[in-house]
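# sequence and predicted model, in that order:
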Amino acid sequence: MAKHNQSPAPTGLKTKDARNVIEALLAHKDPPATHTGVFGCSTKWAEKQAERIAALRKLDSKTVDVSLASADDLKSLRANASGKLTLINFWATWCGACIDEFPDLEDTFRMYSVRDLAYVTVATNMPDEQPGVLRMLQHFHSTGRNLLFASEDTAALQVAFDPKWDSAVPYTVLLGADGRVLYQRLGSVDILELRRTILANLPSDYVGFSRYWSTP
């Protein structure tokens, strides 16, 4: 039988109310506790809806633009001197798989940007295709940093970022604040795997947060 890894036990546990209630009911006894107060995130409350809408409107008001990126720019991007967890997606307007996953990547950035996640899109189109690239970015309202290859020498630009990159898109990389590659995918991402990797590496004051998301 396959062995399944269990999530680490929560720290600070002092009572086992759920277990006690179940054992009491199985013994046909009254449960020792009928209510347990819970302290934690209040995302379940209806009033959060107004805050969510306000946050989306703030994002939608941001200007979307695109800048040309040279080989030196891409080398700098790979070094990740930002000091932040950085998600980088190489794509093209003519790539169906790129367009298909674009909304999921943008949603991921919107979900975690307040937790120090940076997001950079790099279009591998030709420089003279900048108007079409910008229209696509505006369509998806890509609110991160948006770049476009500054030269028709795409091979040199690819090598500048990653000498082992096998000349295809989509190509997605998640870099740690120290430049380590935490996630790398040539082809469409597994969005749940990517999000788990992001959560496992985001800065957190609670050690259990990162430990939970890094557990298989």
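Here it is on my side, so go on.
# dump the lowest-mean-pLDDT helix or strand in the chain to CSV, restricted to CA.
Between all helices and strands in the chain, the lowest mean by mean pLDDT, DSSP states H and E belongs to helix 48-60, at a mean of 72. Output in CSV follows, covering the C-alpha atoms of helix 48-60 (Å, rounded to 0.1, in the frame of the first residue of the first chain):
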residue,chain,number,x,y,z
LYS,A,48,-15.5,41.1,2.4
GLN,A,49,-17.3,41.2,-1.0
ALA,A,50,-17.2,45.1,-1.1
GLU,A,51,-13.5,45.0,-0.3
ARG,A,52,-12.8,42.5,-3.0
ILE,A,53,-14.7,44.6,-5.6
ALA,A,54,-12.8,47.7,-4.5
ALA,A,55,-9.4,45.9,-4.8
LEU,A,56,-10.3,44.7,-8.3
ARG,A,57,-11.3,48.2,-9.4
LYS,A,58,-8.0,49.6,-8.1
LEU,A,59,-6.1,47.0,-10.2
ASP,A,60,-8.2,47.7,-13.3
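# from the chain's centroid, how far away is it?
Centroid displacement of helix 48-60 relative to its chain, using CA atoms, centre = their mean, to the nearest Å, is 19 Å.
# how about the spatially closest residue to residue 132 that is not a sequence neighbour, phi and psi?
Nearest in space to residue 132, with sequence neighbours left out and distances taken as CB to CB, 6 or more residues apart in numbering, is residue 93 at 5.5 Å. Glycine gets a C-beta too; all of them are placed from N, C-alpha and C. With angles defined as degrees, to the nearest 10, residue 93 sits at phi -70, psi -20.
# quickly note the distance from residue 93 to residue 167.
To residue 167, residue 93 is 17 Å away according to CB to CB, to the nearest Å.
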